[in-house]
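[1] I'd like to go over a predicted model; first the sequence, then the structure.
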Amino acid sequence: MPARSRPGPAPTAAPPPPTARRTAFAEGVERVRAAATTEPGRLRIIGAVLALVILAFGAVTAWQTSARAAAADDVLRRSQPLSFGAAGIYRSLADANTAASSGFLAGGQENPESRNQYEKDIREAAAGLVTAAADAEPGSAAETTVTRLNRLLPEYKGLVERARTYNRQGYPVGGAYLRYANEKMQKQMLPAAEALYTTENRRLDADYGDATPYPWAAIALGVLALAALGRAQHRLYRRTNRVLNRGLVAATAATTAALLWLVVGHAVARSGLDGSYEHGIRSLNVLHDARIAALKARGNENLSLVARGAETVTVAGQTYDAYYYDFDKDMAVLGKALTEAARLADDPEGTAPVRAAQGDTAVWQRRHAAARTEDENGNYQQALDKVIGAKDATAACFDGVDRSLERAIAHERAEFGRAADDGRDALAWLPGGAAALTVLGAAGAVAGIGRRLSEYR
């Protein structure tokens, strides 16, 4: 009979695959999930979320309001003074050019007042350029413009001094040098000063743009924090039948105070800054335009008598004296600017000097027309007397316009300062105050939840 085969050893089972080690994050999530199945665990999560949302509200509020407070301070202390200084440079240069032409018309008997005014304007322009250079960012357009003006100013002064020297000696070439100086001023220096003014105005507008937008992120977080606090208190009421939880009530009060402070404080700040722009900056811009137009008109009126028809311009086939033509354009700009300034003036102190300037401008135009008629008829001395004479001359009208505009500018700048200062002050304590209130609110929320947790021990 065949031999029986012996059975082999039984097969061994394969070892189970090694389990993957969980990460710390996964373990943490698992613990939170497990804790959320119990009431104490849920309360701890609610307390943590409330504290986090309230603190986030405080942090974003402090961040956004700090940025706006800094921009409001820049409006008041940096960008507006720089814009005003740039306008001052332009005005000083234009006034120096006017004073130089007025002194030239007097011939060898130059009025000391004209000479002193010219020197004063040159010093003020130079000082303004020093300030602008100190505040300009390296490599910026403002720095380039200031450097160019610093180079052109001595060249202009040299031309004016040559014109004066030849004029005192009775040489007609003095008039040519004065026209060269005026050309340098009108075509190179004043456009550069205007570019500097435009640059500083853009910086001012940018600071306004940073200071006035609503802090929507902070407001949204504040509303979210209050909603979360309300939801938590409603949940506790349904589970415990207790109407109030002192900690959560304190947290709600602190968060509400911070949110109201944010909304009301920013609204007040925005109102002040908007008012400073609408009733300050806009008026100042128009008044500066009016003053510059008056200065340029006066300079062209004087140069028309210096040139005696040597400079002409052809427009639409008609030939005009170049300086008389520019005078008419400048007076048109002056009239429009004064009309706009009168519209923007919102109180008697601002309106009165503008109305006075309008009255002097009307008289100036009538006297100028009489002087131009004498000049065109060949009566040079009579025309000169009507421009720089002691009685019924256009010089008195120009002086009246300039003084009135100076008063109007001083008033509007004071109005700007008051409104901008109010706007800045409304934001001054908001970042720190809101942060402190939200810290108290977070502490109250944690304390309120902790009081409820103590009941489970």
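    Okay, I see it.
[2] what comes into contact with stretch 188-197?
    83, 86-87, 89-90, 93-94, 132, 141-142, 145-146, 148-149, 152-153, 156, 288 (CB atoms under 8 Å, 6 or more residues apart in numbering). Yep, even glycine has a C-beta here, placed from its N, CA and C like the rest.
[3] Would you indicate which residues of that stretch are buried?
    By neighbour count on 16 or more other CB atoms under 10 Å, the buried set for stretch 188-197 is 188-190, 192-197.
[4] count of neighbours near Ala419?
    Ala419 has 22 neighbouring residues, counting by other CB atoms under 10 Å.
[5] where's the closest residue in space to it that isn't next to it in sequence, which helix or strand?
    Closest residue in space to Ala419, ignoring its immediate chain neighbours: Ser276 at 3.6 Å, by CB to CB, 6 or more residues apart in numbering. Assessed by DSSP states H and E, Ser276 sits inside helix 246-276.
[6] For that helix, what does the pLDDT average out to?
    Per-residue pLDDT over helix 246-276 has a mean of 93.
[7] Which is the succeeding secondary structure element to it?
    Helix 246-276 is succeeded, C-terminally, by helix 282-307 (DSSP H and E).
[8] tell me what that next one is packed against?
    The contact analysis (3 or more CB pairs under 8 Å, 6 or more residues apart in numbering; DSSP states H and E) places helix 282-307 against helix 80-105, helix 173-184, helix 322-344, helix 348-376, helix 380-388, helix 394-428.
[9] tell me the angle of the longest one relative to helix 246-276?
    Taking axes from the mean of the first three to the mean of the last three CA atoms, to 10 degrees, one finds that helix 394-428 is oriented at 170 degrees with respect to helix 246-276.
[10] Any stretches of this structure with poor pLDDT?
    The chain contains residues with pLDDT under 70 at 1-22, 24-37, 106-110, 241-243, 309, 455-457.
[11] again, only this time at 80
    Low-confidence segments of the chain (pLDDT under 80): 1-43, 103, 105-114, 169-172, 237, 239-244, 307-317, 320, 390, 450-457.
[12] and the most centrally placed residue in it, what element?
    Nearest to the mean C-alpha position of the chain, by CA atoms, centre = their mean, lies Leu204 at 1.9 Å. Taking DSSP H and E as the definition, Leu204 sits inside helix 190-211.
[13] show me the contacts for Asp121.
    Residues near Asp121 by CB under 8 Å, 6+ apart: 92-93, 95-96, 99.
[14] now could you export just the CA positions of stretch 360-376 as CSV?
    C-alpha atoms of stretch 360-376 as CSV (Å, rounded to 0.1, in the frame of the first residue of the first chain):
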residue,chain,number,x,y,z
ASP,A,360,-10.1,146.9,-7.7
THR,A,361,-9.8,144.6,-10.8
ALA,A,362,-12.7,146.5,-12.5
VAL,A,363,-11.0,149.8,-11.9
TRP,A,364,-7.6,148.4,-13.0
GLN,A,365,-9.1,147.4,-16.3
ARG,A,366,-10.6,150.8,-17.0
ARG,A,367,-7.3,152.6,-16.1
HIS,A,368,-5.3,150.1,-18.2
ALA,A,369,-7.6,150.8,-21.2
ALA,A,370,-6.9,154.5,-20.8
ALA,A,371,-3.1,153.9,-20.5
ARG,A,372,-3.1,151.6,-23.6
THR,A,373,-4.9,154.2,-25.6
GLU,A,374,-2.3,156.8,-24.7
ASP,A,375,0.5,154.4,-25.6
GLU,A,376,-1.0,153.4,-29.0
